[in-house]
Every structure is written in structure tokens, then in C-alpha cells.
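**Student:** Sequence and computational prediction follow.
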Amino acid sequence: MVTVGLADDHVVVRQGLRLLLETDPGLAVVGEAANGVDALALVKRLKPQVLILDLMMPAPDGLEVTRRISRLKLGTRVIILTMYGDPAFLMDALKGGAAGYVVKESCGTELLHAIHEVAAGRRYLSPALNAIVKEWTSNTHQVAGARKTAKRPRQTSRAL
């Protein structure tokens, strides 16, 4: 049984997520939070295996909550569930420790699949976002490679 926490500032979204997750007998929702402070408290108190976390929440936002959860090292893996497919948000979330990133335009079965993947220790990204990560990774390696092969200016000493 995978334990899941829900953190979104919209009650109707949390209710809908709970109903969706209850269709999967392998998942159990253990708690809900409406803001970042409550999400952190939920993780510390209940230690869910997975936290479904909205990116844009009040006090603190989802990116900061993700970073803090990562530093706690309690074993909770974060899936960002957001309407923002922007590469900057995606990369910030992954750098901050998110194990998954699902856009809200996804279908319910995709979110269920993401939860199981993340709970099993793997990363999950909405399929449309995989190309963004691949391009970013490729560009990062190209830049790093260029830095390694770039010639440094020769230092000379001058007598004063």
C-alpha cells in the first residue's frame, strides 16, 4: 500500500484527487494540506511515501516545500502537479528534489501511474515534458564540454 499526501490550496482539487486515488486499491490518502506550511507539517507528522504537491501554493510555494522536504530526508517523494509546463519551473522542481512532475491537463490514469513509478523509486514526468528534459540535459552537457575544452588565457608575469 502506497501512502499519499495531498497538498493543493483548492479544496475541490484535493477532493477530486482523493476520489481519483481511492479508485486504486494500492493507494491510501493519509492527509491533506492547503498551504506550504501545512504540507511540511503533514510530511513530518505522517511521512507519506508520496506527496502530490501543487506548484503555486501560499506560504511557501511548492518549489520551496519540495526543497525543504528533500533536506528532511524522511523518504517522502514529491510529485509536482501543476498547470505550468514551463521548462524553468520543471527544471527548478527537479533540481529541488522532485521525483515527478505532472501537468494538470493529464488524465487521471497518468497521475496514478506517476504515483506508482515514484513510489517504486523512479522519476516520472508527463510525456510532453520528457523532450524538455532531454534538450536541457543535452544543452547542459554541451556547455560543460565547451567549458572543459575552452583554452584559458595564458597568464604572464610582469615586473613592476
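**Tutor:** Happy to help now that I have it. None of these values were measured; they are calculated from a predicted model.

**Student:** what's the distance between the one residue sitting closest to the centre of the chain and residue 20?
**Tutor:** The geometric centre of the chain, computed from its C-alpha atoms, lies nearest to residue 98 (C-alpha atoms, centre = their mean), at 2.8 Å. Per C-beta to C-beta, to the nearest Å, residue 98 is found 20 Å from residue 20. Backbone N, C-alpha and C define where each C-beta goes, glycine included.

**Student:** that older thread, is it true that the residue nearest to the centre of the chain lies in a helix?
**Tutor:** No. Applying DSSP: H, G, I helix; E, B strand; the rest coil, one finds residue 98 to be coil, outside a helix.

**Student:** Can you check the pLDDT for it?
**Tutor:** Note for residue 98: predicted pLDDT of 98.

**Student:** can you pull the contacts of it?
**Tutor:** 66, 78-80 (C-beta atoms under 8 Å, 6 or more residues apart in numbering).

**Student:** ok, now residue 129?
**Tutor:** Counting by C-beta under 8 Å, 6+ apart, residue 129 makes contact with 85, 90, 101, 103.

**Student:** next one: phi and psi at the last one?
**Tutor:** Spelled out, that is residue 103. phi -80, psi 150 (degrees, to the nearest 10).

**Student:** likewise the third one?
**Tutor:** Listed backbone geometry of residue 101 is phi -150, psi 110, with angles given as degrees, to the nearest 10.

**Student:** where along this structure do the strands fall?
**Tutor:** 2-7, 27-33, 50-54, 77-82, 100-103, 124-125 (DSSP state E).

**Student:** rewinding a little: which of the contacts of residue 129 has the largest number of neighbours?
**Tutor:** With neighbours defined as other C-beta atoms under 10 Å, the most crowded of the contacts of residue 129 is residue 101; it has 26 neighbours.

**Student:** what's the closest non-adjacent residue to that residue?
**Tutor:** By the measure of C-beta to C-beta, 6 or more residues apart in numbering, the closest residue to residue 101 outside its immediate chain neighbours is residue 80, 4.8 Å from it.

**Student:** Quick check: which ranges of this structure have low pLDDT?
**Tutor:** For the chain, the stretches with pLDDT under 70 are 137, 139-160.

**Student:** And the helices in it?
**Tutor:** Using DSSP state H, the helices of the chain run over 11-21, 36-46, 62-72, 87-95, 108-119, 127-149.
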